[in-house]
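Novice: Got a predicted structure plus its sequence, pasted below:
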Amino acid sequence: MEETSSSFPQAKAAPQIHFGKIDDLGSRVAAAIGGARQYLFSLQHEEGYWCGELEADTSLESDYILLHTLLGSGNAERFQKAANYILQHQNEDGGWSIYAGGPSNVSASVKAYFGLKLAGYLADHPAMARARKKILEMGGVTKVNTFTKIYLCFFGQYDYDAVPAIPPEIVLFPNWFWFNIYEISSWSRAILVPLSIAYAKKPFKKIPDEMGVTELFVGGRDKSRMHLLWDKKLVSWRNFFLGLDRMTHWFERVHIRPLRSIALKKAEKWMLERFEMSDGLGAIYPSMMNAIIALRCLGYSLDDPQVIRALDEFEKLGIEEEDTFRMQPCKPPVWDTAYALFALGESGVPADDPRMVKSADWMLQKQVRTVGDWKVKNKKGQPGGWYFEFNNEFYPDVDDSAMVCLGLGHTEHPNGRYQRESIQRAIDWIMSMQCKNGGWASFDKDNDRMVFQHIPFADHNAMLDPASVDITGRILEMLAAYGYDQSHPAVKKAMKFIRDEQEPDGSWFGRWGVNYIYGTMLVLRGLEAMGVDHHEPHIQQAAEWIRMMQNADGGWGETCGSYNDPNTRGVGPSTPSQTAWAIMGLLAANDTRSDCVARGVAYLLRTQKKDGSWDEGCYTGTGFPQVFYLKYHMYRQYFPMIALTTYKKVMMEKI
């Protein structure tokens, strides 16, 4: 990433560090914060919210082409623009990665290859030849994940009998049963229910032979083993579930499906109910796309109001430019607004500033007041959380809800009682969502039956939603802001969970941000807010780990590869957001003596652009570890601002 010196009058030259002190620190940091604050306000929507772009890998553009080909509603010009975007992101080795700078991934590569074929590219195109060579090196099309295989089945490019069964009958299992749809994560639920309808109906769209991917089977399609391999260990959960899978396929072949029509009706009803008060099913990309396919499989016409609405919400995720077209997996207005409010408030913007009040008013109107899927496993809890997107009433999440409370803590709504009662409702709901182990998950409570990760169709690596330390750390920080302390039973349980989850090197895993830098920062901030003694060994060990991971340029970075190889934790090119996380973590651990923080601050000052913003090419957000990653375009704006503000508050009197 190109580093650009700040152009503010007080910060023309690169900051010089002398024994941990930055020359003219006060004016430099103040100028940087002022520029960042001004830039952040310039991004605020007139309605009061912030919403940065959410970027993902090229699977989304490939799926877009696939969907409209399946529906027969493709736009040739848009297909070409999507193809342009896909080709722009091809790796040198011919494949496609699932995060910027990452290694080629077989599922993403096969999707890209097929998407380009559907957009009109022929097998002899140089880019296609390179892609084909790399895909075959990675094992070919039989190595892709279940969702990709099913999409290929729609076009006759894979055998329905060889993919893991997703029978719609799963929606009939009662909530008390060992396995039911509420024992899997909310996003898996929203993805799999419509996909089960498609699996049952087995749609087929004939395409010309030249658009197929037969050449991606190693040794040819006829000689390829399409079925999943059994575990070498005879008695294992994998073999147990594969046995059930083969049995299900056998029932399919002999047409023994006595409950199929009942299951399809219930799945349809479940899906349609969750269209309401939502930006599409689950308000996230895979489930929204699968829902459209499911509706068509059920006989809904393209001009049916439900299909029109579902397609409209889906198309809103697209970003069309002169030569390219790309898709977002969803939109993050509540998340970005909560963090923007918090950053601005921390930087000293008055709580009654009209822009802050307008934002708070928008946010308060988004609070969930109806029951969602979370109620199944949390019968005592009452609605009060917030979701991530513009509208997603069935799926509020704990992380957003805690961050909204932190953001609202920096605002003063004219109706103070309304604001206080809203926050208290959220805190009560969050408390009710605490898991048995003391931590908090994102969307559900005690969604941690690990055995279900062995289900054949669970290879998207996100079947469950267990408690995570990053969310738990944020909640401790939020609870402390509203008067809770270590004596509270919920806090005691959470702190024990955090201690138990610490890695041997002192770091903490980051489930929703990349990765250990993110998790360690949030835990340290939570513990500091709760008044835990900075001298505690586990805190100092975490701080030492952060210091050890600092790059030569003064920044910090970590790639998504650390989810595959924990030995690479904390290792990667420096980024503004991850550098900010490291600084925030060190300051939370009361590191006011080493020069690591000062060097990190110097990195942020040095890389800030003239308009007060930062650039960041890397993905630092996590969707599903090892499978799906995110680039939040606003992370590079509000996290450095929070870090610099915290540094100014904590360090100024010490320098």
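Specialist: Nice, thanks for sending it over. Just so we're clear, the structure is a prediction, and the values are computed from it rather than from any experiment. Residues are numbered from 1 along each chain as shown.
Novice: I figured residue 263 hits residue 172, correct?
Specialist: Yes - Residue 263 is within contact range of residue 172, at 5.3 Å (criterion: Cβ atoms under 8 Å). From N, CA and C alone the C-beta is placed, and that goes for glycine too.
Novice: the more surrounded of those two?
Specialist: Higher neighbour count among residue 263 and residue 172: residue 263, with 20 against 15, using other Cβ atoms under 10 Å.
Novice: Which helix or strand contains that one?
Specialist: Secondary structure assignment for residue 263, by DSSP states H and E: helix 260-273.
Novice: Residue 629 too?
Specialist: Here residue 629, judged by DSSP H and E, is contained in strand 628-632.
Novice: What average pLDDT does the next helix or strand after that strand get?
Specialist: Scanning forward in sequence from strand 628-632 by DSSP H and E, the next helix or strand is helix 635-651. The pLDDT scores in helix 635-651 average 94.
Novice: What residues sit buried inside helix 635-651?
Specialist: The neighbour-count check on helix 635-651 (16 or more other Cβ atoms under 10 Å) flags 635-648, 650-651 as buried.
Novice: and which of those residues is nearest to residue 352?
Specialist: Within the buried residues of helix 635-651, the smallest distance to residue 352 is 19.0 Å, found for residue 645 (Cβ to Cβ).
Novice: And the closest one, how far from residue 44?
Specialist: Using Cβ to Cβ, to the nearest Å, residue 645 is found at 18 Å from residue 44.
Novice: can you check residue 107 too?
Specialist: 38 Å.
Novice: More neighbours: which of these two?
Specialist: When residue 107 and residue 44 are compared for neighbours, residue 107 comes out ahead with 24 against 18, by other Cβ under 10 Å.
Novice: I'd like to check which residues are in contact with the nearest residue to the more buried one once chain neighbours are set aside.
Specialist: Excluding its sequence neighbours, the residue lying closest to residue 107 (Cβ to Cβ, 6 or more residues apart in numbering) is residue 144, at 4.3 Å. Residues near residue 144 by Cβ atoms under 8 Å, 6 or more residues apart in numbering: 106-107, 110-111, 152.
Novice: Same check on residue 262?
Specialist: By Cβ under 8 Å, 6+ apart, residue 262 lies in contact with residue 172.
Novice: Now do the nearest residue in space to residue 596 that is not next to it in sequence, the pLDDT please.
Specialist: Nearest residue to residue 596 in three dimensions, chain neighbours excluded: residue 547, at 4.8 Å (Cβ to Cβ, 6+ apart). On the pLDDT scale, residue 547 is placed at 97.
Novice: got the buried residues for the helix or strand residue 547 falls within?
Specialist: Per DSSP H and E: residue 547 is located in helix 537-548. Within helix 537-548, the residues that count as buried by 16+ other Cβ under 10 Å are 538-539, 541-547.
Novice: just to revisit the earlier point, helix or strand next in line after the helix holding residue 263, which one?
Specialist: Toward the C-terminal end, the helix or strand that comes next after helix 260-273 (DSSP H and E) is helix 285-297.
Novice: What lies in contact with that next one?
Specialist: With Cβ under 8 Å, 6+ apart as the test, helix 285-297 has contacts from 56, 60, 63, 67, 70-71, 147, 154, 187, 190-191, 194-195, 197-198, 200-201, 203, 267-268, 271, 275, 280-282, 302, 304, 306-307, 310-311, 313-314, 317, 327-330.
Novice: What about residue 77, how many residues nearby?
Specialist: By the criterion of other Cβ under 10 Å, residue 77 has 10 neighbours.
Novice: In what element of secondary structure is it found?
Specialist: helix 76-88.
Novice: so what does that helix touch, helix or strand wise?
Specialist: If contacts are counted by 3 or more Cβ pairs under 8 Å, 6 or more residues apart in numbering; DSSP states H and E, helix 76-88 sits against helix 59-71, helix 106-118, strand 325-327.
Novice: outside of that helix, which residues touch it?
Specialist: With contact meaning Cβ under 8 Å, 6+ apart, helix 76-88 is reached by 58, 61-62, 64-65, 68, 96, 112, 115-116, 118-121, 127, 320-321, 323-326.
Novice: Put the alpha carbons of it into CSV.
Specialist: Output in CSV follows, covering the C-alpha atoms of helix 76-88 (Å, rounded to 0.1, in the frame of the first residue of the first chain):
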residue,chain,number,x,y,z
ALA,A,76,-25.5,-9.5,-21.6
GLU,A,77,-24.0,-6.2,-20.8
ARG,A,78,-24.1,-6.7,-17.0
PHE,A,79,-22.7,-10.3,-17.5
GLN,A,80,-19.8,-8.8,-19.3
LYS,A,81,-19.2,-6.2,-16.6
ALA,A,82,-19.3,-9.0,-13.9
ALA,A,83,-16.9,-11.0,-16.0
ASN,A,84,-14.6,-8.1,-16.3
TYR,A,85,-14.6,-7.8,-12.5
ILE,A,86,-13.9,-11.6,-12.1
LEU,A,87,-11.0,-11.4,-14.5
GLN,A,88,-9.5,-8.4,-12.7
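Novice: just the buried members of the contacts of helix 76-88?
Specialist: Among these, those classed as buried by 16+ other Cβ under 10 Å are 58, 61-62, 64-65, 68, 96, 112, 115-116, 118-119, 121, 127, 324-326.
Novice: separation between the residue lying closest to residue 333 once chain neighbours are set aside and residue 642?
Specialist: The shortest distance from residue 333 to any non-neighbouring residue, by Cβ to Cβ, 6+ apart, is to residue 51 (4.0 Å). According to Cβ to Cβ, residue 51 and residue 642 sit 19 Å apart.
Novice: do residue 601 as well
Specialist: 12 Å.
Novice: With residue 82 instead?
Specialist: To residue 642, residue 82 is 36 Å away according to Cβ to Cβ.
Novice: where do the strands sit along the stretch 551-655 of the chain?
Specialist: 621-624, 628-632 (DSSP state E, counting those that start in this stretch).
Novice: Looking at the ones you listed, which is nearest to residue 404?
Specialist: Taking Cβ to Cβ, strand 628-632 is the member of the strands of the stretch 551-655 of the chain nearest to residue 404, at 16.4 Å.
Novice: Next, the angle helix 59-71 makes with that closest one.
Specialist: Put simply, strand 628-632 runs at 110 degrees to helix 59-71, going by axes from the mean of the first three to the mean of the last three Cα atoms, to 10 degrees.
Novice: looking just at contacts, which helices and strands does strand 628-632 meet?
Specialist: strand 54-55, strand 621-624.
Novice: and the ones you listed as CSV, adding distance to residue 387, mean neighbour count and mean pLDDT?
Specialist: Putting the helices and strands packed on strand 628-632 into CSV (distance: least, Cβ to Cβ, whole Å; neighbours: other Cβ atoms under 10 Å; pLDDT from 0 to 100) gives the following:
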stretch, distance to residue 387, mean neighbour count, mean pLDDT
strand 54-55, 14, 22, 97
strand 621-624, 16, 21, 94
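Novice: could those strands be laid out in a markdown table, adding distance to residue 210?
Specialist: As requested, the helices and strands packed on strand 628-632 are arranged in a markdown table below (distance: least, Cβ to Cβ, whole Å):
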| stretch | distance to residue 210 |
| --- | --- |
| strand 54-55 | 32 |
| strand 621-624 | 33 |
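Novice: which residue packs closest to residue 497, ignoring adjacent ones?
Specialist: The shortest distance from residue 497 to any non-neighbouring residue, by Cβ to Cβ, 6+ apart, is to residue 438 (3.5 Å).
Novice: What distance do you get for that neighbour to residue 628?
Specialist: The gap separating residue 438 from residue 628 is 28 Å, by Cβ to Cβ.
Novice: now the strands: where do they sit in the stretch 301-450 of the chain?
Specialist: For the stretch 301-450 of the chain, the strands defined by DSSP E, counting those that start in this stretch cover 318-320, 325-327.
Novice: that older thread, mutual contacts of residue 263 and residue 172, please.
Specialist: With Cβ under 8 Å, 6+ apart applied, the contact sets of residue 263 and residue 172 do not overlap.
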